[in-house]
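Engineer: sequence and predicted structure are below.
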Amino acid sequence: MTSTLVFRAAGMVALAAFGVITAPLAAFAAAQGPFEVPVLVLSYFPTNGDLVDVRVTGDWGRPLAETRAKTQRQTREVLNALEQGSRYHGYKDAAAKPSLKYSVVGEMEFLRPLPTFAKPGHRTPMTDYARIMADVNIRDWVERRGVREVWIWGYHGGKVDLWESNMSSPSGDVSNSDRDPKDLPVLDRTYTVYHYNYQRGTSEAVEDHLHQIEAVLNAIDGRDRTPAGQWTNLLFWGKFVGSDRSHKIVRPGCGWAHYPPNAEKDYDWANRRYVETDIEDWEPDGTGRKQRMNCERWSGNSLKWFVYWMQNLPGMDNGLSYQGKPLRNWWVFLGDYDTAKRQGMKLVAE
């Protein structure tokens, strides 16, 4: 007689013979997380004496020591926001565990300007990411030391152009950039470069990550291959976000970076208008409990909105299902993109 066990994961119950757990079931379990995200931090401080050279940055000329301290503090704050944001319903479940576990495994500082080049279609010099990656020997960091993200502390100020997020992957670039296949060295595994501006705050840095989340989930969900008139039918953009081709909120769902559920325009994080939204009890079929809500839920604060929004993404042990199939922990697409692509994972487990 064959013994069996009951395997429960994210609302799914399946039977498997001892020692013969099926590959799809094992893959589903492995994709639950948590996922380690080693980070390499690069800082570019062009100096003029003891000051950061405002002639180079365009809008930042504070002392080097102050600038260095600010970026170090904001690095810690970004790490915390992203890790806390990956705790499914963490705002009401104190026991919720993060799906992403970040660690800084290397830091490098350059007291010189960002390398740039003249890129067609750009009015200001474009940051030369390929040069930066060559300077730091990115192959060693990614392929030997396991780095998955590179965070660049730099500047903008009308002096340089940049991408908030930029992916290099054997599977192709999915990021908030022009997706130029030649602007980063392609290695045997995926890494994503985030470019921060130390003239701005922690919220703006975290926002770079939200736009990357949106880009990746839209790509996995097939939005790039779907006529814009059908975007409302998509699981992420239509049913979770509640938007369409306009990027506005047409059904008060969970919103996106620029648009909370009650927003009426971009960056409308402090709108006091009330709407009925199911953000805290989102179900793919629309049956979740709705509640009346405005910006008071996130104190009208963009950073608090970002963390709150992330905590409503289907995460570890979310227990959700769609058309009879369990939803994955969507953080796998940020935490282990290569495995997700190799196994052909979708937002819903097959």
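Structural biologist: Structure received. Fair warning: this is a prediction, and the values are worked out from it, not measured in the lab. Numbering: from 1, shown residues only.

Engineer: what does stretch 70-90 rub up against?
Structural biologist: The contact list for stretch 70-90 (Cβ atoms under 8 Å, 6 or more residues apart in numbering) reads 34, 39, 41, 43, 62, 93, 96-102, 104, 151, 153, 196, 198, 201-202, 205-206, 209, 280, 303, 306-307, 309-318, 331. (C-beta placed from N, C-alpha, C; glycine too.)

Engineer: try it again with 6 Å
Structural biologist: 41, 43, 96, 98-100, 102, 153, 198, 202, 205-206, 307, 310-311, 315-316, 318, 331 (Cβ atoms under 6 Å, 6 or more residues apart in numbering).

Engineer: helices of this structure, start to end?
Structural biologist: Here the chain has its helices, by DSSP state H, at 23-30, 54-57, 64-85, 129-135, 138-139, 202-221, 302-311, 332-335, 337-342.

Engineer: would you turn those helices into TSV with distance to A118?
Structural biologist: Compiled in TSV, these are given as follows (distance: least, Cβ to Cβ, whole Å):
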stretch	distance to A118
helix 23-30	45
helix 54-57	17
helix 64-85	27
helix 129-135	13
helix 138-139	23
helix 202-221	24
helix 302-311	33
helix 332-335	33
helix 337-342	31
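
Engineer: burial count for T47?
Structural biologist: Neighbours of T47 under the rule other Cβ atoms under 10 Å: 15.

Engineer: and the residue lying closest to it once chain neighbours are set aside, how many neighbours does it have?
Structural biologist: In space, and not counting its chain neighbours, T47 is closest to L111: 5.0 Å by Cβ to Cβ, 6 or more residues apart in numbering. Per other Cβ under 10 Å, the neighbour tally for L111 reads 12.

Engineer: poorly predicted segments of this structure, please.
Structural biologist: Counting by pLDDT under 70, the chain has low-confidence residues at 1-30.

Engineer: try 80
Structural biologist: By pLDDT under 80, the low-scoring segments of the chain are 1-31.

Engineer: how is it carved up into domains?
Structural biologist: 1-32, 35-218, 225-313+322-330 (automatic domain parsing).

Engineer: now the end-to-end length of the last one.
Structural biologist: End-to-end span of domain 225-313+322-330 (Cα to Cα, to the nearest Å): 20 Å.

Engineer: pretty sure G157 contacts D59?
Structural biologist: Yes - counting by Cβ atoms under 6 Å, G157 does reach D59; the two are 3.8 Å apart.

Engineer: neighbour-wise, which of the two wins?
Structural biologist: G157 (16 against 13).

Engineer: ok, for the more buried one, nearest residue in space, not its chain neighbours?
Structural biologist: Here the nearest residue to G157 in space, its sequence neighbours aside, is G58; by Cβ to Cβ, 6+ apart that works out to 2.3 Å.

Engineer: distance of the one you found from G154?
Structural biologist: Note on G58: its distance to G154, by Cβ to Cβ, to the nearest Å, is 11 Å.

Engineer: with E107 instead?
Structural biologist: Relative to G154, E107 is positioned 14 Å away (Cβ to Cβ).

Engineer: so between these two, which is more surrounded?
Structural biologist: Neighbour count, other Cβ under 10 Å: between E107 and G154, G154 has more, with 24 against 15.

Engineer: what about stretch 315-325, how long is it end to end?
Structural biologist: Stretch 315-325 has an end-to-end distance of 15 Å (Cα to Cα).

Engineer: compile the domains of the chain into JSON lines and extend it with columns for distance to G344.
Structural biologist: Output for those, formatted as JSON lines (distance: least, Cβ to Cβ, whole Å):
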{"stretch": "domain 1-32", "distance to G344": "10"}
{"stretch": "domain 35-218", "distance to G344": "11"}
{"stretch": "domain 225-313+322-330", "distance to G344": "12"}
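
Engineer: which of these sits closest to A340?
Structural biologist: A340 lies closest to domain 1-32 among these, at 7.2 Å (Cβ to Cβ).

Engineer: need the contact list for the residue nearest to G157.
Structural biologist: G58 makes contacts with 157-159, as judged by Cβ under 6 Å, 6+ apart.

Engineer: now L320
Structural biologist: L320 sits next to 314, 327 when contact means Cβ under 6 Å, 6+ apart.

Engineer: ok, it to G344 distance?
Structural biologist: Taking Cβ to Cβ, one finds L320 at 20 Å from G344.

Engineer: what number of residues lie near the closest residue to G335 other than its chain neighbours?
Structural biologist: Nearest residue to G335, sequence neighbours excluded (Cβ to Cβ, 6+ apart): F35, at 2.6 Å. F35 has 23 neighbours, counted by other Cβ under 10 Å.
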